[in-house]
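Trainee: could you look at this predicted model? Sequence included:
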Amino acid sequence: MPLLEDDRSVEQLLRSARSIAVVGISGKPYRDSYTIARYLLGQGYTIYPVNPGITSVLGLDCYPDLRSIGRPVDIVDVFRRPDAVLSVVNDAIAADTKTVWFQLGVAHPTATLTALNHGLQVVQDRCIMVEHRRLVA
């Protein structure tokens, strides 16, 4: 699978995806992960919050990790520090995910290569909410 860098590919992804796991979501409304998950929920996506430190957010049960969701998701949206991204990618591979999306400022060449080598699509250093508003909404 490819590294998605062009607008057309990103738009197709956002239009075809139905479920998004938000890894590293915060329960604090002023945090980007919370705001973006709320936006995506409002756009009709099924959201799976993932954070072992909280039990629920946005009225949804929060999962401790991707494997606990128990079903594949279309996009894993990563809100973690770069040093934690490789373990998220490994979990995404094990959970049969199709795409990992690294938010603005999140880049990890080894994690990107690992995801690509295991057949996942990768979007990096882009905000999923900004791209959705720009390309889809």
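Mentor: Great, that's in hand.

Trainee: C-alpha only now, for contacts and for neighbours.
Mentor: OK.

Trainee: low-confidence stretches in the protein?
Mentor: Residues of the chain that meet the criterion pLDDT under 70 lie in 1.

Trainee: let's see that with 80 instead.
Mentor: 1-3, 137 (pLDDT under 80).

Trainee: what ranges do the strands span in it?
Mentor: Along the chain, counting by DSSP state E, strands occupy 19-23, 46-50, 56-57, 60-61, 75-78, 99-102, 121-123.

Trainee: now the helix ranked longest in the chain: buried residues?
Mentor: Selection of the longest helix in the chain by residue count, based on DSSP state H, yields helix 82-94. Across helix 82-94, burial judged by 16 or more other C-alpha atoms under 10 Å covers 85-86, 88-89, 92-93.

Trainee: show me what contacts Asn90?
Mentor: The neighbours of Asn90, taking C-alpha atoms under 8 Å, 6 or more residues apart in numbering as the test, are Ala115.
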